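Peer 1: Predicted model follows, preceded by the sequence.
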Amino acid sequence: MKIKAVIAALFAAATGSASVAYADINVGVTLSATGPAASLGIPEKNTFPLMPTTIGGQKINYIVLDDASDTTTAVKNTKKLIAENKVDVIIGSTITPNSLAMVDVAAEAETPMIAMAASARIVDPMDAKRHWVFKTPQNDAQMAIAIVEHMTSNNVKTVAYIGFSDAYGEGWWNEFQKIAEARKLNIVANERFNRADTSVTGQVLKILSAKPDAVLVGGAGTPAALPQKSLKEKGYKGIMYQTHGVANADFLRVCGKDCEGTVLPAGPVLVAAQLPDSNPVKKAALEYVTKYETANGKGSVSTFGAHAWDAGKLLANAVPEALKKAQPGSKEFRKALRDALEGTKNLTGAHGVFNMSPQDHLGFDQRARVMVKIEGGNWKYVQ
């Protein structure tokens with residue numbers, strides 16, 4: 001009987017039978033649940049308990065660490081997850097500087113990584129390192145195009161920019177500058193501030209002296225409210241634009257009345273209930289909103305948690321394919337998972353429809369963004 005059992009097990013392994021018992025699939029997560037980016041990282045952290053605990057019949061373990069919005073800690077977390085927890089995939093981090101710093105670690109370990117940060121630089125241009133890296137948030141360029149289109153449609157001729165003095169702010173500046181100049185917008189000021197700053201008076205005075213028709217703040221989370229509040233306090237009357245990095249309730253709370261009238265691009269999930277039924281993302285976006293708010297309270301959902309949710313959707317789609325080729329915990333499985341992620345086609349997430357390719361490790365088109373306006377302290381769908 002023992003010989004027969006061994007033969008049966010070997011046959012099952014050779015044929016890929018569903019009865020084969022693989023090791024658990026370990027998913028390592030590093031995110032910014034504390035620090036300046038906490039308003040982004042907390043909804044991400046709250047999303048992981050909503051994710052499936054089995055995929056393709058295999059148990060999934062989510063190992064979630066806080067990097068405190070710190071780049072060095074994000075790298076340490078990534079190394080720990082790979083070396084000690086033997087994870088099959090990394091999800092994270094919340095912000096661009098952290099995610100960029102993690103790319104080398106993931107690539108060296110040949111472990112697929114799904115970033116929840118926005119900068120296109122995380123996955124572009126494609127090279128040997130980015131071969132292992134994917135991401136779920138919309139690219140800066142995609143959102144910058146939407147902002148510039150809104151500006152030109154609303155008679156904006158001159159614009160000032162003030163952004164974070166890090167990779168996020170620089171990434172947005174680079175994309176916005178190219179598109180704005182191509183559309184003949186005159187950029188009259190270019191300023192920077194740190195996420196932890198408590199005053200931007202000097203930068204704001206320079207912007208006011210340039211008298212722009214509009215100001216774009218290249219920031220994310222609650223720190224992005226600082227220059228806008230300062231501009232309003234000093235009497236600025238032009239149009240205020242923010243990036244999709246502020247699309248959560250904490251930003252509305254911190255910015256308060258100074259947010260009124262602000263325009264920004266965002267993922268569809270932010271205004272899911274307001275979308276027309278013809279929008280292809282509405283159903284998937286509402287699914288996430290319902291699950292998140294059932295667990296965390298009405299009105300608690302944010303676009304950032306949905307970036308984590310979409311990372312989970314990508315895994316749920318890719319894992320069954322990878323299991324056909326290798327066993328979790330092995331180098332072969334990590335490679336098979338990377339290949340399956342890259343082969344993702346027509347997968348509808350909470351933020352858009354994913355169509356990956358060897359040269360595009362985001363895979364979004366214009367269905368992944370909408371324009372919204374802050375009215376009465378709430379988000380209003382514009383187009």
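Peer 2: Alright, I've got the coordinates.

Peer 1: List the contacts of residue 279.
Peer 2: Neighbouring residues of residue 279 by C-beta atoms under 8 Å, 6 or more residues apart in numbering: 268, 367. Where C-beta positions appear, they are placed from N, C-alpha and C, glycine not excepted.

Peer 1: how far away is the closest residue to residue 219 other than its chain neighbours from residue 137?
Peer 2: Counting by C-beta to C-beta, 6 or more residues apart in numbering, residue 219 lies nearest to residue 164, which is 5.3 Å off, once chain neighbours are set aside. Noted for residue 164: a distance of 16 Å to residue 137, by C-beta to C-beta, to the nearest Å.

Peer 1: Least confident secondary structure element in this structure?
Peer 2: Least confident helix or strand of the chain, by mean pLDDT, DSSP states H and E, is helix 2-15 with a mean of 43.

Peer 1: any idea how this protein splits into domains?
Peer 2: 2-138+302-359, 140-266 (automatic domain parsing).

Peer 1: so which of the ones you listed gets nearest residue 378?
Peer 2: Residue 378 lies closest to domain 140-266 among these, at 7.6 Å (C-beta to C-beta).

Peer 1: Could you check how far the closest one is from the centre of its chain?
Peer 2: Taking C-alpha atoms, centre = their mean, to the nearest Å, one finds domain 140-266 lying 19 Å from the centre of the chain it belongs to.

Peer 1: for that domain, how far is the first residue from the last?
Peer 2: 11 Å (C-alpha to C-alpha, to the nearest Å).

Peer 1: Would you map the strands across the stretch 1-150 of the chain?
Peer 2: According to DSSP state E, counting those that start in this stretch, the stretch 1-150 of the chain carries its strands in the segments 25-31, 54-55, 58-66, 89-92, 113-115, 133-135.

Peer 1: can you check the stretch 201-350 of the chain too?
Peer 2: For the stretch 201-350 of the chain, applying DSSP E, counting those that start in this stretch gives strands covering 214-218, 239-242, 263-266, 347-348.

Peer 1: Export these as a markdown table, with columns for mean pLDDT, distance to residue 277 and mean neighbour count.
Peer 2: Formatted as a markdown table, the strands of the stretch 201-350 of the chain follow (pLDDT from 0 to 100; distance: least, C-beta to C-beta, whole Å; neighbours: other C-beta atoms under 10 Å):
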| stretch | mean pLDDT | distance to residue 277 | mean neighbour count |
| --- | --- | --- | --- |
| strand 214-218 | 98 | 32 | 26 |
| strand 239-242 | 98 | 28 | 23 |
| strand 263-266 | 96 | 19 | 25 |
| strand 347-348 | 98 | 15 | 18 |
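
Peer 1: could the ones you listed go into TSV alongside distance to residue 357?
Peer 2: What follows is the strands of the stretch 201-350 of the chain, written out as TSV (distance: least, C-beta to C-beta, whole Å):
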stretch	distance to residue 357
strand 214-218	28
strand 239-242	31
strand 263-266	23
strand 347-348	13
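
Peer 1: out of the strands of the stretch 1-150 of the chain, nearest to residue 184?
Peer 2: Evaluated with C-beta to C-beta, these place strand 133-135 nearest to residue 184, the distance being 31.2 Å.

Peer 1: Name the strands paired with the closest one and say parallel or antiparallel.
Peer 2: Using DSSP bridges, the strands paired with strand 133-135 are strand 113-115 (parallel).

Peer 1: State the mean pLDDT of the partner strand.
Peer 2: Averaging pLDDT along strand 113-115 gives 98.

Peer 1: how far does that strand sit from the chain's center?
Peer 2: Distance, stretch centre to chain centre, for strand 113-115: 9 Å (C-alpha atoms, centre = their mean).
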